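> structure for the following, please:
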Amino acid sequence: MGVSGAYGQYPLHVSGGTTKSLISQNTIRNSLNRCIVLSSTIGATVSSNVAYNTVGHCYYVDKLSKSNTLSKNFGADTKSASLLASILDSDDTPATFWTANPANFFDDNVAAGSDEAGFWFQIDEDEESTLLGSFSGNVMHSNQGDGLKLYPNGYLPGSQATFENVKSYRNKGYGVILHSCENVQINQGYFADNRIGVSIRNADGITLSNVKIIGLSDVYGNLAEKLGMSSHCPAYRPMVGLRLHSYTRFPHVSGSSIDSVTIENVTPETTGGCFGSVPVVMDSIGRYYNDASI
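Alright, predicted model coming up:
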């Protein structure tokens, strides 16, 4: 199912114009070229689908697609296209959910076990100030890279974009990384057993609120012992709870806010011997001034 490297040859593809199309309750397995693709599409609903063992970005929303709803979908075992043929270079580091346009609605989806990322907002430069539709109740876990990433182009919406009720755990990279972003909020989040829980990198005007970050959870620690794993460290490296840069990227921004955030079990003693693990790291380079209010 799906033709490797062939544009338009996907299991399910909606292309062009305004539509009330509903793609729901389908199962996609062993696709060699993505899963469900929205191209230049406005107003479609993708809901309650399951995708497993697929190649390249799975649920894919291009830069010309907006006002689409992706809800209650599940994707697992998203594979790199590097050994086959890829349409985009980024298909070699795939995300289960990928978009270039934030003006869509992502709610109550699950992304698990990708070769790279769970959710990837690789915002097109023409859409970097576009308002977010919604991002709420999504879960991302057990990915070889990051749970949620806004990278590398960044996101600079005209009003605050809130990523709500984010649950990201057991990822070997970041639980969430906000790179080159401004005016973005993470509200109500749970991040556990990631290499780095939350990274605010080259970004300003960020709000992190009502978030819990756990370096090594009891569940993961007990599992590691039971399975006789050589290390209790999720990525076999030191862990960091919260990583902040210590300079402002945008001089007109007053700084970032860290409010009602709990960080637990991110020391060598509480991570089962992950030496070098720390709750908070701040980059040492000072460009303008320390911009984090905690």
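
> please name the bridge partners of the residue minimising distance to the centre of the chain.
Geometric centre of the chain, nearest residue: residue 148, 1.2 Å, by Cα atoms, centre = their mean. Beta-bridge partners for residue 148, by DSSP bridges, are residue 119, residue 176.

> per-residue pLDDT, it?
In the prediction, the pLDDT value recorded for residue 148 is 98.

> run through who's touching stretch 216-229.
Applying Cβ atoms under 8 Å, 6 or more residues apart in numbering, the set of residues contacting stretch 216-229 from outside is 169-170, 192-193, 231-234, 239, 265-266, 270-272, 274. Glycine gets a C-beta too; all of them are placed from N, C-alpha and C.

> residue contacts, the residue nearest to residue 190 when sequence neighbours are not counted?
Take residue 190 and drop its neighbours on the chain: the residue closest to it by Cβ to Cβ, 6 or more residues apart in numbering is residue 167, 4.7 Å away. Neighbouring residues of residue 167 by Cβ under 8 Å, 6+ apart: 138, 139, 140, 141, 189, 190, 191.

> TSV please, covering those and showing distance to residue 30.
Below are those laid out as TSV (distance: Cβ to Cβ, whole Å):
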residue	distance to residue 30
138	24
139	23
140	22
141	22
189	33
190	32
191	31
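
> who wins for most neighbours among those residues?
Neighbour counts for the contacts of residue 167 (other Cβ atoms under 10 Å) peak at residue 140, which has 30 neighbours.

> contacting residues for that residue?
Here residue 140 is in contact with 96, 110, 111, 112, 117, 118, 119, 147, 148, 167, 168, 171 (Cβ under 8 Å, 6+ apart).

> remind me which helix or strand the third one belongs to.
Element membership for residue 111 (DSSP states H and E) is strand 110-112.

> partners of that strand, with directions?
If you go by DSSP bridges, strand 110-112 pairs up with strand 74-79 (parallel), strand 139-141 (parallel).

> among those, which is nearest residue 88?
strand 74-79 (14.0 Å; Cβ to Cβ).

> quick one: the helices in the stretch 151-294 of the chain?
Taking DSSP state H, counting those that start in this stretch to define them, one finds helices in the stretch 151-294 of the chain at 218-227.

> what's in contact with the strand holding residue 111?
By Cβ under 8 Å, 6+ apart, strand 110-112 touches 73-78, 95-97, 117-119, 138-143, 147.

> ok, now stretch 76-91?
Against stretch 76-91 from outside (Cβ under 8 Å, 6+ apart): 4-7, 32-34, 51-58, 92-96, 98, 111-116, 120, 122.
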